[in-house]
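**Q** A predicted structure for the sequence below; I have some questions about it.
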Amino acid sequence: MVNTSTLNKLIQLSYSELPESQHEELASQVSDSYELSETFAVIEELKTLLDGEMEAPNPTSVKIILEESQRSSALEMH
Amino acid sequence: MKEQITDKALIKQYIQGNEACLEMLINKHKNKVFTTILMIVNDRYIAEDLFQETFIKVIKTFKSGKYNEEGKFLPWVVRIARNLAIDHFRKAKRMPKVTSQDGEDIFRTFEISERNREQEYIRDQRDETIREIINMLPDEQKQVLVLRHYGDLSFKEIAALTDVSINTALGRMRYALNNMRKIISEKSISLQ
């Protein structure tokens, strides 16, 4: 069973948050260990599922923000 | 090959008067910011309002010359969005409860009708299920998951923002992923 500390490191590895030396070392351990590679694959699969949830705002919202910016720029010029 | 312009360059040019750079900046980050807000408030219409409020606050900060270039843009915007979402919930709690003649909470009725309309926007049943799963997570776990995955905040930044140690933030993420996995398994949802 993968211990808590290693699980934390795998999550950090997945989000590219480990220092380069630790990143390379753990990535190498993951490729050499069936248990670690299985655990890492689950983390990556869950992240892929989460990516599918990404939603876009309504274009009108963006338009309102841009209009507000132009309006405030116009006010600054006067 | 088209080179990606950095956030720093876009902000600099926008402050110098190039309005098109703001549009590029918003388009680059809008989905992550919007999804983060949506996951926090769980209501598309409130999320749209808070999304607008967030970027209007960003514009004001840029134009006032108070923007600190040292930090990363997206995590900064996400922090603004999160604070606005928290303010929204505080205000909502203070709002007097208005009931209709039959005693039903009219805001509740409005909420239900909005939610029904919201369903029209969601085409993919599986994605809807994933969102339900995220909302089933305990708040502390959901918060770390949303801020890390959608808001692009590092675990260190999340730890500072939520006033916990980095190990606690990582632990909450670990539990969140583990709970997601358990729920997916119970609901027999395919990960493929």
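**A** Thanks, I have it. Everything numeric in this text was worked out from a predicted model, so none of it was measured.
**Q** can you give me the helices in chain B?
**A** B:7-15, B:19-41, B:44-64, B:73-94, B:106-121, B:125-136, B:139-149, B:155-162, B:166-187 (DSSP state H).
**Q** JSON lines for those helices, including mean pLDDT and distance to A:Ser5?
**A** The C-beta positions use only the backbone N, C-alpha and C, and glycine is treated the same way. Formatted as JSON lines, the helices of chain B follow (pLDDT from 0 to 100; distance: least, C-beta to C-beta, whole Å):
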{"stretch": "helix B:7-15", "mean pLDDT": "93", "distance to A:Ser5": "34"}
{"stretch": "helix B:19-41", "mean pLDDT": "95", "distance to A:Ser5": "28"}
{"stretch": "helix B:44-64", "mean pLDDT": "95", "distance to A:Ser5": "36"}
{"stretch": "helix B:73-94", "mean pLDDT": "88", "distance to A:Ser5": "26"}
{"stretch": "helix B:106-121", "mean pLDDT": "49", "distance to A:Ser5": "41"}
{"stretch": "helix B:125-136", "mean pLDDT": "80", "distance to A:Ser5": "26"}
{"stretch": "helix B:139-149", "mean pLDDT": "95", "distance to A:Ser5": "17"}
{"stretch": "helix B:155-162", "mean pLDDT": "94", "distance to A:Ser5": "14"}
{"stretch": "helix B:166-187", "mean pLDDT": "93", "distance to A:Ser5": "9"}
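**Q** which one of these lies closest to A:Thr60?
**A** helix B:44-64 (8.0 Å; C-beta to C-beta).
**Q** got the angle between that closest one and helix B:19-41?
**A** Counting by axes from the mean of the first three to the mean of the last three C-alpha atoms, to 10 degrees, helix B:44-64 lies at 140 degrees to helix B:19-41.
**Q** Show residues contacting helix B:44-64.
**A** A:57-58, A:60-61, A:64-65, A:68-69, A:72-73, A:76, B:11, B:14-15, B:22, B:26, B:30, B:33-34, B:37-38, B:41, B:67, B:77, B:80-81, B:84-85, B:88, B:114, B:118, B:121 (C-beta atoms under 8 Å, 6 or more residues apart in numbering or on different chains).
**Q** Just the buried subset of these, written out for PyMOL, thanks.
**A** Of these, the buried ones go into a single PyMOL selection, burial set by 16 or more other C-beta atoms under 10 Å in any protein chain shown:
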select buried, (chain A and resi 57+58+61+64+65+69) or (chain B and resi 11+14+22+26+30+33+34+37+38+41+67+77+80+81+84+85+88+118)
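**Q** Give the residue spans of chain A that score low on pLDDT.
**A** Chain A contains residues with pLDDT under 70 at A:75, A:77-78.
**Q** Can you give me the neighbour number for the residue nearest to B:Ile26 when sequence neighbours are not counted?
**A** Of all residues not flanking B:Ile26 in the chain, A:Val62 sits nearest, at 5.7 Å (C-beta to C-beta, 6 or more residues apart in numbering or on different chains). By other C-beta atoms under 10 Å in any protein chain shown, the residues close to A:Val62 number 20.
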